[in-house]
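# structure of the sequence below:
(one chain, ligands or ions: 1)
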Amino acid sequence: MKVRIPHLVLAVAGVALIAAACGDSDTEDDTPTALPAATQAPTTAPTTAAASAATPEMMPMQPGAENMKLAIIAPADGAIITANEVTLDVTATGFELTCDEAGKPVKEGNGHYHTEIDRSLIDMVCTPQTTISLQNVKPGKHTLTIVPAQNDHAEVHDNAVSVTIDYQPTNPLAEIADATSAAAPTIKIISPKAGDTVSGNFDIVVEVQNFNLSCDLFGKPAVAGYGHWHLNFDSTTGPMMGMGTMAGMSCTTVFHASTAGFEPGSTHTLIPLLTDNGHAPLAPEVSDKVEVKIQ
Ligand SMILES: [Cu+2]
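Model prediction:
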């Protein structure tokens, strides 16, 4: 199947999550990827401004991606939220929610969902319930959106669902403000060590210096000196700010990883990298890497 992927829609939010998800999408769909509209259009026929600006690129997605559906059971659309966080109850049909193979090759029937606030990516989730912090969110109306996503984080945009909330905090949180450090941020893997063999579920432990990790600021406007880290496998480049090979994100010094989906006996590189709240890697990149063997 094909899913329409409009160009650069999320770039405004600092999250070019969909801009170029045409990587190796291990699909059995042999239909060639459509060329960009500019290439397809006959040179003699002038395209209208609207057509050239808004023409979506057709991208191959995993088989059955169109059946990956979500529903928001709670909160109700228009709900007034007086607490400083909101819990979403979600049902997923047509696919199994799993994070074990995120950042690895796509698999029919498997995926997770992305949460967004005002169309800015918050996190990836593989449980039917998730809590969103309203830290650094202004009182008033906001849109919460969930979008089905494949292991490579390419999103099934047509199946996104949203609710509007009206945030009227009883006890508003103090805003987290810029806190730059004179010293450069660093991240270093403490465990596992280079050459270690890992199996099943294993933890990646890092040490972060001169940088504040914040879960509550996921997806919020940038705050200097704050962010979190991504754990990538083998590469930090490629589509979606390198997120195609991202196992997940952490705002603590630990990330729970899995060897599921990796060949026994293969070696892979674990790459933790610091990112801002909008998930963009710090520039220049601040990362570390350790090669491990998969049992
Ligand atoms: Cu992130």
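# now do the same contact list for the residue nearest to Ala224 when sequence neighbours are not counted.
Nearest in space to Ala224, with sequence neighbours left out and distances taken as Cβ to Cβ, 6 or more residues apart in numbering, is Asp178 at 3.8 Å. (Each C-beta comes from the backbone N, C-alpha and C, glycine too.) Residues counted as contacts of Asp178 (Cβ atoms under 8 Å, 6 or more residues apart in numbering) are Val223, Ala224, Gly225.
# got the CA positions of stretch 204-213 in PDB?
Taking C-alpha atoms only, stretch 204-213 is exported to PDB below (Å, rounded to 0.1, in the frame of the first residue of the first chain):
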ATOM      1  CA  ILE A 204      21.900   0.700  28.600                       C
ATOM      2  CA  VAL A 205      23.200   3.000  31.300                       C
ATOM      3  CA  VAL A 206      24.700   6.400  30.500                       C
ATOM      4  CA  GLU A 207      26.300   9.200  32.400                       C
ATOM      5  CA  VAL A 208      25.300  12.700  31.300                       C
ATOM      6  CA  GLN A 209      27.100  15.900  32.200                       C
ATOM      7  CA  ASN A 210      26.400  19.600  31.800                       C
ATOM      8  CA  PHE A 211      22.900  18.900  30.500                       C
ATOM      9  CA  ASN A 212      19.500  18.500  32.200                       C
ATOM     10  CA  LEU A 213      17.400  15.500  31.300                       C
END
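# what residues sit buried inside it?
Ile204, Val206, Val208, Phe211, Asn212, Leu213 (16 or more other Cβ atoms under 10 Å).
# quick one: average pLDDT of that stretch?
Across stretch 204-213, the average pLDDT comes to 98.
# residues in contact with it?
Residues contacting stretch 204-213 (Cβ under 8 Å, 6+ apart): 179, 181, 183-192, 225-229, 231, 250-255, 257, 270, 272, 274, 286, 288.
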